[in-house]
Structures are given as C-alpha cells and as structure tokens.
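# structure, please.
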Amino acid sequence: MQRTQAVGFVLVVTSLVAVAGGGVSFTSTTTITNQGDASDVFVADVNGDDVPDLITDNFRNKMVVVREGNGDGTFGDETLLQYEGTWVATSVRDIDGDGDVDIIAELAGTADDPTLQTSKMFRGVMTVFRNDGAGEFTPVDLDGLGQASGTFHLIDVNGDGDLDILRPTGNGDSLLLADGTGGFGEPAFVTAFFDLSRGTTRAVGNFDTDAEIEILLGGGRIANIEDGELTNETTVDSLELGSNVIATGDFDGDGSLDIVTASQQLFGTGSVIVCLNDGTGEEFDTTRYSGITNPVRISVGDADGDGDLDIALAGQANGATIYVNDGDGGFDETVFVTHPGSRVLVQGLRLADIVGDSGLELLTVNVLESEVSILEKSTAAPPVVNSISPRSIFRGQTVTFDVVGSDFVGELFADLGEGLLLEDLTVVSPTQLRMRIRAFEEFSPTTPIGAREITIRSADGQSDRITLDVLLGPTPDVAGISPSRAFAGRTVDVQVSGLAFDEGATLDLGEGIVVGSVVRESESVVRATVTIAPDAATGPRALRVTNATDTTGELLGAFTVDPPLAYDIVQRSGALLDRKKEGRDTLRVSTRYTPNGFATDAIADPRDDEVTVTVGDVSGGLTFTILANDPAWKKKKGKFTWRSARRAQPQLKLTIEPKKNRATILVKKADLVVPDNGTIRVDLAIGVDRGIRDDAWQRFRKGIRLR
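Purely as a prediction, here's the structure:
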C-alpha cells in the first residue's frame, strides 16, 4: 500500500503490556493530513459505491471533511462541509430514512456571533448534513435545543422506524422527534431522564429478553421508552459505570448485550469497566481494568480477527490502547499503539474495515497535526527472547545487559517497569540486543524488589518477555558517629560516617532517642538532629542505619547517653537575716556554677527551660519554680532576671549571667530557719541540668553569713 505522508507509527511502552507472541499488533500504512484540527474519524459508504469513505471532524475550522475511498485504503480529495458554531459531537447515520448515511453535528452556538460569546454553551445547535445518496450533502440547521452536553443519542423512541435525537442537557433531556424526511419537531425537555447526581451516561440497546429497546441512564438505571416517556425504570446495583465514554457489544458470546465504559479518576489513571450481562438485563458481572489516562473515544470490534469483540480506547495521550478479549469477556491483555514525534495528542479512533479485506484496521486521529493514520495488523514475526546477562541489578546501579534471542529486527522497545530507566537499546544483530539500564537511587520504600518481567517489543507491538531480578542495594557499613556522646535531655546535631548510605536512609539509636530528618550528603556521610529524652537510659547505644531498601548496618556501642548535665556550684557570698517579725526574713547568696566532667557547655538562655531554685536549710528550704518562657524574665546587658509578683510572699529575685556562669538568689518576705549547724543548701536546676551545694555559714547576731 502506498504511503501518502512521511509519517509512520510505532508501538511504545505503557504500564500495561501485550502477552508474548499473542494479542494483536499494528503497523502504519497510510497517514492523511486534513485541513483544520481533526478530532474524530468515521468510516461509511457515503456515495453508494460499496467502498468505505472517510469522514473527520475539524472543529476549530468549523467543518466536516469527507474523503471518498478508492477501495485500496487510499482516498481522493477532500469535500468540506462548513458549519457555523463550535463543535461538540458528531455521528454518521441514516437520519432521513432514505438508505444512505447522513452526518449529524452537535454544536455550541455560533462562535462569531458576539451575542453568544457567553451563552453559546447554553443555546445548543445541531446541523444535519443530508446525503443525496451520491455523496452530496445539504445542511439543515436545528436551533434552540438547550445546553450542549458533548454527546447525543439516536434512538427510535416512538417506534415509527425513524431515528429521533436524545440529548442530555443541563435542564433535562432534550428529545427531538424525527418526521421521517430528515426534519425534526420542536425539542421537548424530558426532565425525568436527567439526574445530575447519578450522571448522564447513555447507551441504547436490548439488554433483556423482550423485543423492546431500552436506554441505559446514569447511576446504573435501565428503562424502556414509550412515546417519549420512561417506563419500567429499574436500578441495577451490580451495574458499575464510568462517565466519559460508553459502548455496547456481546463480549462474552452468550447472546446478550454487554456494556463497556471508561472514566477518568481524579488525580490518577482512568478505568475501563466491562459489565457482562447475565441475559436478563438485571444483573451484570463488572470488572475494572486500569491503564487508560483520560478516555475520550471508544470503539468496539474484532481487532485481532479471532472472532470476539475487542475494545479500542483513545486516552488523550500519544496513542490508543487495545484491550484484547480472551473469548470469555476478559481483557487482561492490552496493546498500546502510538504516533512517533513530539506533537501528538490522539483524541479520535475507530476500528473499521477500510481496505476491504474483511479485517479491521485501526484509525487514529492526532488532533495536534490534524492527521488520520490507518494501521493494519502486522504479519511480521515477533521477537523471541532466550536469555539476559547479567540476570540482576542493584538499585543505584547502571548496568549494560546482553539479550540473546531471535527476530531482533527494525526498531525495538523495552518495558522495564517501575523504577528502572532504559538509557540505551542497541540491536547488535538479529539474535542479540544490548541494553543499558539504570536503577534509580530515589526508590521509595514501597518500590517492589525482586523478580520482574522485562518486555522486548517490536515496532508493530509484538513482544516477548524475560525475567530480571532487582536486588536490594549493598548493606550500609557504619563507621562512626560524631559527637559520640551527649547528655540526657539534650538535642544535638550528629554526623554519621560509613559506606553505602542511600537516599532515604534512616537512623536508629534506640529507645528514648528521637531522630529528626536525615540528610544524605553522600554515599559515606549522613547528618541528622537527635533529641534525647531526659529519662533516657544512660550508657552506650548501638547505631543502626537502614537504607530505603530495608538493608541495615549496625555499629555497637557507637553512641553514649550520659546522665543529665550536673553543675559544680560554688557559694561565693551570702547572708541570712533572721528578723523577729514574721515574714520579714531575707536570704541572699551569690554562686558560680560550672558544668562538671567532660562537658564544656552550660546554659545559654535560662528562659528556654523550666528553672527550679531551692535555698535554705538542708532539711527544708524554700523552693521556687519558674516555667519555661515565663514572661516575667527580663534581660539586660547579658543578665537574665526574674522577680516574683509584687504581692507574693515569700518573694524571689533570681539573676543569671550565662557568660560568667553566675547566679544570684535573693529571697525576701520569708520565714526562714537558721540551721543549728549553720549549713545552707543551694539547689539550682535549669531544665534537666542540676547542681547542689551545701556550705557551712558563720553565725552572727542577726543570723548567719558566708565569708
């Protein structure tokens, strides 16, 4: 067959793949470029010569394009059928009952009429192009039909043998009764048909065993139509429907009419739902299949020539998906067919016999380039895969594989599955391929690890499979952590060193230690912030590093939790005045506090933590508690001062100088006991850090003092 444009088709990878050596494959034979932006395609004999002709929508140019067929899959010049309005939907049927096919286009107002710029979607316009039998068309306009819905249905609602028009709209279903000559009466709005909450999906056919035609409504409802009214409406609970596109056919070969529908899921891939009729029209066995992106067109036919009905879907991507029937109404096998190039958006398709060989071709429409491509089933031998070497790959690796088999000819593709990237595929010979594959380091923790099937696919969609093992990455090797110890109750930044740390690695230091976000700087360094609970068990801890692939490395005794920081307190000066009048005693003591042991850090800002002060007799001094972030704290020239409320009794004035490690405690309006042995205790706790000091003071006439 002669190619008319220098554009071909190839098959590419999707998440669904064809069964090895089976199913159906297509190869491009003809690509036709139309005027305007073609969006859908129809096949029918418009001139009565028994040769299939081609009809396409060209909505932005306000035209329907007709090409008469030559009988060999090629076509003559274009015939342009102009209309005024914005395209919404098209059908090709015998609308006037004269035995030839007419063209019906639903429009949305007149685009160049300024009065309709904001209301054209609510006006509703249809144009019927009446065929004279020789391929000459006369337009007949229908107006004032109500809101354009993007779909309409041709059905004989009153049993007179003529096709009437049923249109779901925003204010009811618009019903136009045919007069038998291609004309229609005034639209009647049948509100009983419409139920927005249950969708506007429509299909027409005989779903039960009687002789009447039924209509499928939204929400799984099936009803008869008599004189334009619904009768015997029933809701079928088992009828699961989508909302975008719908078609009917006997998919399981039992003689009853089944349903297929496809819908778009919010923020995800769409679903194809096949509803198999039990023969009564009252129960449907529904199965949901994934893999379609955004379904916009559906066509049913025997794509692979095995005698059962297959399903073709256009999903506003760069190709079409064929769901292959297993003969019993199952569709687990799929094939994806696509245009080459970067400007591709397939919005229309059709399964039809366009070359007159009794087999069906696949016609696809690229709306971006206004191209219609005709694809025939391929007769080329499928590729055969015998072995792959090596047989495995670690995550994070890039590996070159040799594939041995046969019939490696032409352009080939590989479907690797989630997390693997094909960087290069070279056909070395008809019996050898070379593939360079990268296993991403950015695997999520839920990425499946283990055996997976690699699919080698020819340009016409035939394929074979081989198994490749995706293995866990190397086990992390933990060398150390810095700092290697910290006080209970503290938060510290740590750096872990070692080997084979990957993105998504986590740290574990045991109970009582919370690890914040982990930052991987390289394969050998990760950083994190760890918070140690005040009551965390002290002593050495094991450090465990776990990669995103669940491999774990451990270093025993890597980190030590020390008891909360203890202060060495020195009482520098002080006096306790014991007055005779109750509530008039005063105690003042000046101290220096320094962290003991190996610690070099002390409190930087006492306002951040709860502060507790106990001062006086060791057997029962006065205790004051200041909550964290207490607004009574004042800061001036590096000193932090807290005072009790004015009328409080006793009163505390606490001054802390972090840079000098000094604290001054002044207690007034108190009743204090002068201990017999003259020993005064100072107990200062800032957060979990604490220091206690007892010193013997000297007695004098009014009390005791520290010299």
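# tell me which helix or strand of the protein sits lowest on mean pLDDT?
Here the helix or strand of the chain ranked lowest by mean pLDDT, DSSP states H and E is helix 120-123, holding a mean of 49.
# give me the contacts around the following helix or strand past that helix.
Going down the chain from helix 120-123, the next helix or strand is strand 125-131, by DSSP states H and E. Among residues not part of strand 125-131, those counted as contacts by Cβ atoms under 8 Å, 6 or more residues apart in numbering are 46, 64, 81, 83, 85, 95-96, 98, 100-110, 137-143, 145, 148, 152, 165, 182. Glycine gets a C-beta too; all of them are placed from N, C-alpha and C.
# give me that answer again for 7 Å
For strand 125-131, the external contacting residues (Cβ atoms under 7 Å, 6 or more residues apart in numbering) are 46, 64, 81, 83, 85, 95-96, 100-107, 109, 137-143, 145, 182.
# now the residues you listed: which count as buried?
Buried by 16 or more other Cβ atoms under 10 Å: 46, 64, 81, 83, 85, 95-96, 100-107, 109, 137, 140, 142, 145, 182, out of the contacts of strand 125-131.
# circling back: now, the contacts of strand 125-131 that are in strands?
Under the assignment DSSP state E, these contribute 64, 81, 102-107, 137-143 to strands.
# from those, which is closest to Thr551?
Glu106 (60.0 Å; Cβ to Cβ).
# who does the closest one bridge with?
Glu106 has the following beta-bridge partners by DSSP bridges: Ala89, Met126.
# wait, doesn't it sit right on Ser91?
No: Glu106 sits out of contact with Ser91 when judged by Cβ atoms under 7 Å, with a separation of 8.4 Å.
# what about the stretch 51-200 of the chain, any weak spots by pLDDT?
59-61, 83-88, 108-124, 144, 146-150, 169-173, 189-200 (pLDDT under 70).
# do that again at 50, thanks
111, 114-121, 194, 196-197 (pLDDT under 50).
# could you do the stretch 301-450 of the chain as well?
In the stretch 301-450 of the chain, residues with pLDDT under 50: 443-445.
# can you map out the strands along it?
310-314, 319-324, 333-338, 346-352, 361-366, 371-377, 384-389, 392-394, 398-406, 412-415, 420-429, 432-439, 450-458 (DSSP state E, counting those that start in this stretch).
# buried stuff in the shortest one?
Neighbour counts over strand 392-394 (16+ other Cβ under 10 Å) mark Ile393 as buried.
# can you list the strands that that strand pairs with?
The strands beside strand 392-394 in its sheet (DSSP bridges) come out as strand 463-471 (parallel).
# what's next to the helix or strand hosting Thr248, contact-wise?
Element membership for Thr248 (DSSP H and E) is strand 245-249. Strand 245-249 is contacted from outside by 201, 203, 205, 257-262, 295-298, 300, 309, using Cβ under 7 Å, 6+ apart.
# any idea which helix or strand comes after that strand?
strand 258-263.
# quick check: angle from that following strand to strand 245-249?
Strand 258-263 and strand 245-249 meet at an angle of 170 degrees, taking axes from the mean of the first three to the mean of the last three Cα atoms, to 10 degrees as the criterion.
# what is the mean pLDDT for strand 258-263?
In this model, strand 258-263 has a mean pLDDT of 87.
# quick one: that strand to chain centroid distance?
23 Å (Cα atoms, centre = their mean, to the nearest Å).
# now do it: which elements does it pack against?
strand 245-249, strand 270-277, strand 297-301 (3 or more Cβ pairs under 7 Å, 6 or more residues apart in numbering; DSSP states H and E).
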